[in-house]
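Asks: I need the structure of the sequence given here:
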Amino acid sequence: MVKIKQIDIDECIDGNVIAEDVRMEGINIPIVIRNSIINDYIKSKLINYNIKSIQVIQDINALETDNYKQQMRFVKEYKDLVLQVKLMFNNAVNGKSIIEDDLVKLTNRVLSNSEVVSKVIEVIDIMRNHDEYTYTHSINVALYAMFIGKWMNLNEEEIKILIHAGILHDIGKIKIPLTILNKPDILTEKEFARIKEHSNDGYNFCKASTWLHSEVKEAVLSHHEREDGSGYPRGLKKEQISVYSKIIAIADVYDALTSERVYKPRQTPFDTFKHMIREGYQKYDIGILNTFLDYISFYYVGSKVRLSDNRVGEIIFIHPHNIIYPTIKVDDEYFEVNNCNQIKIVEFVQ
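Replies: Numbering: from 1, shown residues only. Model prediction:
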């Protein structure tokens, strides 16, 4: 059992581990997340944000054991979730309908991890496998969509609809040849047109399951629609697109960009933040996008990263209003990754 103590900021010393997310009064987004290690830089930021006291962990050994057990538990759980999706999709290939009880059980297992956001994101990052992409992507989108729903204060039934939709959003791809899905070169116009048919194919497959919520079917059909009408298959705009479809769209794009495929390298989360912010005002619901980016960015604090100058550092702070430029600590040096110093994050390291 991890022991926790409340202390004044003035009492903080280097090496203290924060026990709970630290939030500014009136703002629900954390400025420093749990398990962050206190140093002079973080302490000064907390003082600047007028934080008077924080909870710290007293038994670091117990924390490390607890973190390791939690990570290993979810690694095992994640592998099994992916396997269950694979079995479901393989059954679909063989002409079998989705079994309601199977999807409900899978959804409840995903939902049971809604409180361990940092561990889930960490495991998603280390378990990416482009050979099993369709299945891992389906679980990842379900997890990200669940978190977005939670951060938007949706109720449990609404979040379950999101998880259903995340799991099934790409089920239409079972009809597309792997030679197209995994083609390392640029797709021909005909091949891309075939890819785009997966939304309709998935919707038509889900229609047979009369018990499946209509919003799930709609999200399967519409997760590639965009706010400006540039999406497919119907070219819907703004309020014509359901909230569930908008959430799945953001979760889908984020996971796709941060995943390695045979035809592209993976982007870092921060490059993906830039991409989504750049396209955001045209393509995505701004309110949902901002909620997602505001929250998820802070869960990368504490991550180890390799920089473009080949040094390895740790992300120690992300400013709430400037999430694309984190503060990095390398040895005793602190600096912000930005365009001025021309240092970039190349990859995350374990």
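Asks: Low-confidence stretches in the stretch 51-200 of the chain?
Replies: Low-confidence segments of the stretch 51-200 of the chain (pLDDT under 70): 59-68, 129-131.
Asks: Sketch out the strands for it, chain order is fine.
Replies: Using DSSP state E, counting those that start in this stretch, the strands found in the stretch 51-200 of the chain span residues 53-57.
Asks: hang on, Arg34 packs against Ser118?
Replies: Yes. Between Arg34 and Ser118 there is a contact at 7.3 Å, judged by Cβ atoms under 8 Å. Placement of C-beta: from N, CA and C, glycine included.
Asks: does Ile315 count as helix, strand or coil?
Replies: strand (DSSP: H, G, I helix; E, B strand; the rest coil).
Asks: Quick one: neighbours of it, just the number.
Replies: Neighbours of Ile315 under the rule other Cβ atoms under 10 Å: 23.
Asks: Before we move on, what's the pLDDT of it?
Replies: Model confidence at Ile315, given as pLDDT, is 91.
Asks: Return the residues in contact with it.
Replies: 300-303, 305, 326-328 (Cβ atoms under 8 Å, 6 or more residues apart in numbering).
Asks: 7 Å instead, please
Replies: Residues near Ile315 by Cβ atoms under 7 Å, 6 or more residues apart in numbering: 300-303, 305, 326, 328.
Asks: repeat for Val141
Replies: Counted by Cβ under 7 Å, 6+ apart, Val141 has contacts 166, 169, 248, 251-252, 255.
Asks: How about it: what's its closest non-neighbour residue?
Replies: Gly166 (4.1 Å; Cβ to Cβ, 6 or more residues apart in numbering).
Asks: repeat for Glu197
Replies: Glu197's closest residue in space is Gly172 (Cβ to Cβ, 6+ apart), at 7.2 Å.
Asks: Please report the distance of Ile9 from Val305.
Replies: Between Ile9 and Val305 the computed distance is 27 Å (Cβ to Cβ, to the nearest Å).
Asks: who's more crowded, the two?
Replies: Val305 (23 against 17).
Asks: nearest spatial neighbour of that one, skipping sequence neighbours?
Replies: Val305 sits nearest to Ile345 (Cβ to Cβ, 6+ apart), 4.7 Å away.
Asks: and what of Val82?
Replies: Nearest one to Val82, counting by Cβ to Cβ, 6+ apart, is Tyr135 at 4.9 Å.
Asks: what's the answer for Ser308, then?
Replies: Counting by Cβ to Cβ, 6+ apart, the residue nearest Ser308 is Lys344, at 4.4 Å.
Asks: so what's that neighbour up against?
Replies: Shown in contact with Lys344 (Cβ under 7 Å, 6+ apart): 307-308, 337.
Asks: about what we covered before: in helices only, show me the contacts of Val141.
Replies: The helices, defined by DSSP state H, take in 166, 248, 251-252, 255 from those.
Asks: Of those - the most surrounded one?
Replies: Going by other Cβ under 10 Å, Gly166 tops the ones in helices among the contacts of Val141 with 33 neighbours.
Asks: looking at it, that residue is touching Ile248, isn't it?
Replies: Yes. The pair Gly166 / Ile248 is scored as a contact, 6.1 Å apart, by Cβ atoms under 7 Å.
Asks: what sits in contact with each of the two?
Replies: 141, 145.
Asks: mind checking how far the residue lying closest to Ala165 once chain neighbours are set aside is from Arg109?
Replies: Leaving out its chain neighbours, the residue that sits closest to Ala165 by Cβ to Cβ, 6+ apart is Ala219, at 3.7 Å. Relative to Arg109, Ala219 is positioned 20 Å away (Cβ to Cβ).
Asks: can you check Ile47 too?
Replies: 42 Å.
Asks: returning to that earlier point: with neighbour numbers in mind, choose between Ala219 and Arg109.
Replies: A count of neighbours by other Cβ under 10 Å puts Ala219 above the other of Ala219 and Arg109, at 31 against 14.
Asks: Please report how far that one lies from Leu212.
Replies: Counting by Cβ to Cβ - Ala219 and Leu212 are separated by 11 Å.
Asks: Repeat that for Asn94.
Replies: 19 Å.
Asks: Just want to know which of those two has more residues nearby.
Replies: A count of neighbours by other Cβ under 10 Å puts Leu212 above the other of Asn94 and Leu212, at 20 against 8.
Asks: Shouldn't that one be within a strand?
Replies: No. Leu212: not assigned to a strand; according to three-state DSSP it is coil.
Asks: how about the helices in the stretch 51-200 of the chain?
Replies: Ranges of helices in the stretch 51-200 of the chain, per DSSP state H, counting those that start in this stretch, are 60-93, 100-111, 117-126, 133-151, 156-168, 178-181, 189-196, 198-207.
Asks: buried sites along stretch 264-280?
Replies: 266-273, 276, 280 (16 or more other Cβ atoms under 10 Å).
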